[in-house]
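J.: Curious how this folds, go ahead:
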Amino acid sequence: MVSARWRWQAELAPIMIEKRIVRKHEVLKRLGIRKTTLHETFIKTGRLRFVKIGVRAVGIIEDELDALIEELRRERDRRP
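T.: Predicted coordinates for the structure are as follows:
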C-alpha cells in the first residue's frame, strides 16, 4: 500500500516538472536589465510577481517570464 506522503508527491510531480522557478539573477540576465529596472518596470506594475523560495531568496516562475518576453516582443512588433 502506498503511504499518503508518496501519493501526495506523485500527484504533484507533473505540476512541479512543468513549473520551474528562475532566480532573480537569471531573470536580470535573460531580460538584460538591472535590479532597479526590474522592480520599477515589472514588479511594481504587476507584470511579474516574485515567488518566495527561502528566507532571503526569491524567483519568478519561468512560464510567467516567458509570457512577459513574448508580450514585449508583440509590443515591439506592433510599433511602426
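
J.: residue contacts, the residue nearest to residue 34 when sequence neighbours are not counted?
T.: Spatial nearest neighbour of residue 34, chain neighbours left out: residue 28 (6.8 Å); criterion: CB to CB, 6 or more residues apart in numbering. For every residue, glycine as well, the C-beta is placed using N, CA and C. Residue 28 is in contact with 34-35, 38, counting by CB atoms under 8 Å, 6 or more residues apart in numbering.

J.: for the helix or strand that contains residue 28, the distance to its chain's centre please.
T.: Take DSSP states H and E as the rule and residue 28 turns out to sit in helix 24-31. Centre-to-centre, helix 24-31 and its host chain are 10 Å apart (CA atoms, centre = their mean, to the nearest Å).

J.: Kindly report the same for stretch 61-68.
T.: Distance, centroid of stretch 61-68 to centroid of chain: 5 Å (CA atoms, centre = their mean).

J.: can you give me the mean pLDDT across it?
T.: Looking at stretch 61-68 alone, the average pLDDT works out to 95.

J.: send the alpha carbons of it over as PDB?
T.: The C-alpha coordinates for stretch 61-68 follow below in PDB (Å, rounded to 0.1, in the frame of the first residue of the first chain):
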ATOM      1  CA  ILE A  61       8.000  31.200 -12.400                       C
ATOM      2  CA  GLU A  62       9.600  30.500 -15.800                       C
ATOM      3  CA  ASP A  63       6.300  30.300 -17.700                       C
ATOM      4  CA  GLU A  64       5.400  33.800 -16.500                       C
ATOM      5  CA  LEU A  65       8.800  35.200 -17.600                       C
ATOM      6  CA  ASP A  66       8.500  33.500 -21.000                       C
ATOM      7  CA  ALA A  67       5.000  35.100 -21.300                       C
ATOM      8  CA  LEU A  68       6.400  38.500 -20.500                       C
END
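
J.: No further queries at this time; thank you.
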